[in-house]
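Engineer: Based on what follows, work out the 3D shape:
(chains A, B, C and D)
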Number of protein chains: 4
Amino acid sequence: MDTVERIGISLEKDLLGLFDEMIKKQGYQNRSEAIRDLIRIRLSEETLKNPKAHAVAAVCLVYNHHSTSLMEKLTELQHSRLLQTVCSTHVHLDHHNCLEMIVLKGKIEDINKTAENLISIKGVKLGKINFVPAE
Amino acid sequence: MDTVERIGISLEKDLLGLFDEMIKKQGYQNRSEAIRDLIRIRLSEETLKNPKAHAVAAVCLVYNHHSTSLMEKLTELQHSRLLQTVCSTHVHLDHHNCLEMIVLKGKIEDINKTAENLISIKGVKLGKINFVPAE
Amino acid sequence: MDTVERIGISLEKDLLGLFDEMIKKQGYQNRSEAIRDLIRIRLSEETLKNPKAHAVAAVCLVYNHHSTSLMEKLTELQHSRLLQTVCSTHVHLDHHNCLEMIVLKGKIEDINKTAENLISIKGVKLGKINFVPAE
Amino acid sequence: MDTVERIGISLEKDLLGLFDEMIKKQGYQNRSEAIRDLIRIRLSEETLKNPKAHAVAAVCLVYNHHSTSLMEKLTELQHSRLLQTVCSTHVHLDHHNCLEMIVLKGKIEDINKTAENLISIKGVKLGKINFVPAE
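Structural biologist: This is a model prediction of the structure:
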């Protein structure tokens, strides 16, 4: 696995106190893990600023189950070869509404375009997207 | 189904032109659908400001598959009865990394606490969360 | 002034009811103004996705007033010609901390670079940035 | 001044390499300062989740300078005693548009309400808000 390095950092006692309190509440076992997470999320924000970067995205759509064209449109988009649809998961929210989570792989700008196309389908009520960088 | 009303709105010609151009690119068939989506996303933002509101959330976690404690911790959290785990979907990103999407139902503040607990587990590298209001 | 057009949109009675309730609370006098605001904010989000787009940004910095190098660095950055600093406003928060709001004009990517340079100065504790599109 | 403590943290060599590269580009002189900034921004996010927390906010408004009621409304809101307006800065963007930055102090929920009231004024085209915690 990866080689681990140990570095020293200095910070104000008050700041350290507040940090220790927060990460204890969040469930962290030690400071290193918490700081690694801060670094990773910051690095991923930087990567995701570039529309050409490759990413994996979870697109969440809430839609009325009468909106039968959603899956057809997704299938169609896949065949346009811009993106790879990894999988999708379907959850029944109530009598009328479903939650569909679709995992897409590709360039951020292509994923955004596909997400917009999905959200604009009649019957899709809400759409949200989370990106994760993929080297 | 829901009764549909028709209302009139006035807006500057230039603004309308830019709007029409954007929604055409996004794939909308007509202005009504695009404006309904803007209204729905704005209403959901308002609802989600309240930490006591009920929501459905998609928690996305990237983790090293050697982190075996993730699923145990999730099961444990379910038994604490604060939340209902609806389902989870697992995707292999590469040799080392997995993406786990977990759908949780409950109060926003409880979902946030659980998400923090999951993200703080050693081996979890990145965590992101998307909320959808649930009446 | 701009020519005003009137368009008709249709939406579910329930959705309209929730919308009317929200915008009344926010202080809107009529639906047209509220919908125009939704459209404008959505269009600006689209514009701001492009790192090459021109924008005006309000950079908010919280810093310890002993950090004397902040203003020197800003002056230095202005002379690098990437950006135009429009103005800055200084507020005393408490005995130790100041809030500096700096208005910058330029390409989004240049503004981001400058904001990062400012935030990384020793003594700057927090930095946040708001972009507004500038045609 | 604050007492400074020195702690050790361990992290993967690859992660450290990417972090060092990013913070060098951003202008940081050393890792400690960069990590302190990550901790401070994370702590402030936590504080700002609580609508009852005290904060300082920079509200940025773009508006048509014919909207004369903006400043009257702000004055009126101040007299309602919910908030303290610290200062405001005015910038001319072009022939039609102005940028007004208003610094408000108070509870987050009160600041949000005031910001909504300002944004809903006819003539205000865009509104954005940045919060900074105030103990």
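Engineer: can I see the domain layout of chain A?
Structural biologist: Domain assignment for chain A, taken from automatic domain parsing, gives A:13-48, A:54-133.
Engineer: Relative to chain C, which of those domains is closest?
Structural biologist: When the domains of chain A are compared by Cβ to the nearest Cβ, domain A:54-133 sits nearest chain C, at 7.8 Å. (Glycine included, C-beta is placed from N, CA and C.)
Engineer: hmm, that closest one in reach of chain B?
Structural biologist: Yes - using Cβ under 8 Å from any Cβ of the partner chain, domain A:54-133 reaches chain B at A:56, A:58, A:60, A:62, A:86-87, A:89, A:91, A:93-94, A:99, A:101, A:103, A:116-117, A:119-122, A:124-126, A:128-132.
Engineer: looking at the domains of chain A, which has the lowest confidence?
Structural biologist: Of all these, mean pLDDT reaches its minimum on domain A:54-133 (a mean of 86).
Engineer: And that domain, end to end?
Structural biologist: End-to-end distance of domain A:54-133 (Cα to Cα, to the nearest Å): 6 Å.
Engineer: Please state the offset of that domain from the chain centre?
Structural biologist: Here the centre of domain A:54-133 is set off from its chain's centre by 13 Å, with Cα atoms, centre = their mean, to the nearest Å.
Engineer: burial measure for the nearest residue to residue A:133 once chain neighbours are set aside, as a count.
Structural biologist: Leaving aside its chain neighbours, residue A:133 sits nearest to residue A:47 (4.2 Å; criterion: Cβ to Cβ, 6 or more residues apart in numbering or on different chains). Neighbour count of residue A:47, defined by other Cβ atoms under 10 Å in any protein chain shown: 19.
Engineer: For residue B:37, which of the domains of chain A is the nearest?
Structural biologist: The minimum distance between residue B:37 and these falls on domain A:54-133, with 6.7 Å, by Cβ to Cβ.
Engineer: picking that back up, go ahead and name everything in contact with the helix or strand containing the residue nearest to residue A:133.
Structural biologist: Residue A:47 belongs to helix A:31-48 when assigned by DSSP states H and E. The list of residues contacting helix A:31-48 from outside it, by Cβ atoms under 8 Å, 6 or more residues apart in numbering or on different chains, reads A:19-20, A:23, A:26, A:28, A:53, A:55, A:108, A:131-133, B:119-120, B:122, B:124-126, D:7, D:9-12, D:15, D:18-19, D:22, D:35, D:38-39, D:42.
Engineer: so of these, which ones are in helices?
Structural biologist: Using DSSP state H, the members of the contacts of helix A:31-48 that fall within helices are A:19-20, A:23, A:26, A:108, B:119, D:15, D:18-19, D:22, D:35, D:38-39, D:42.
Engineer: and these, which are buried?
Structural biologist: Among the ones in helices among the contacts of helix A:31-48, those scoring as buried are A:19, A:23, A:26, A:108, B:119, D:15, D:18-19, D:22, D:35, D:38-39, D:42 (criterion: 16 or more other Cβ atoms under 10 Å in any protein chain shown).
Engineer: mind listing the strands for chain A?
Structural biologist: A:4-12, A:54-64, A:84-92, A:97-107, A:124-133 (DSSP state E).
Engineer: Which strands and helices lie in contact with the last one?
Structural biologist: Which is strand A:124-133. Contacts defined by 3 or more Cβ pairs under 8 Å, 6 or more residues apart in numbering or on different chains; DSSP states H and E place strand A:124-133 against helix A:31-48, strand A:54-64, helix A:108-119, helix B:31-48, strand B:54-64, strand B:124-133.
Engineer: got the contact list for that strand?
Structural biologist: A:43-44, A:47-48, A:53-64, A:67, A:70, A:97, A:108, A:111-112, A:115, A:118-119, B:37, B:40-41, B:44, B:58, B:60, B:62, B:99, B:126, B:128-132.
Engineer: Mind checking which of those are buried?
Structural biologist: The neighbour count (16+ other Cβ under 10 Å) marks A:43-44, A:47, A:53, A:55-64, A:67, A:70, A:97, A:108, A:111-112, A:115, A:118-119, B:37, B:40-41, B:44, B:58, B:60, B:62, B:99, B:126, B:128-132 as buried among the contacts of strand A:124-133.
Engineer: Can I get the domains of chain A in CSV including distance to residue B:78?
Structural biologist: Converted to CSV, the domains of chain A look like this (distance: least, Cβ to Cβ, whole Å):
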stretch, distance to residue B:78
domain A:13-48, 15
domain A:54-133, 16
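Engineer: what's the closest of these to residue C:75?
Structural biologist: Among those, the nearest to residue C:75 by Cβ to Cβ is domain A:13-48 (26.8 Å).
Engineer: ends of that closest one, how far apart?
Structural biologist: Using Cα to Cα, the end-to-end distance of domain A:13-48 comes out at 33 Å.
Engineer: residue contacts, residue A:19?
Structural biologist: Applying Cβ under 8 Å, 6+ apart, we find residue A:19 in contact with A:11, A:31, A:34, D:39, D:43.
Engineer: Residue numbers of chain A in contact with chain C?
Structural biologist: Within chain A, the positions near chain C by Cβ under 8 Å from any Cβ are A:49, A:51, A:112.
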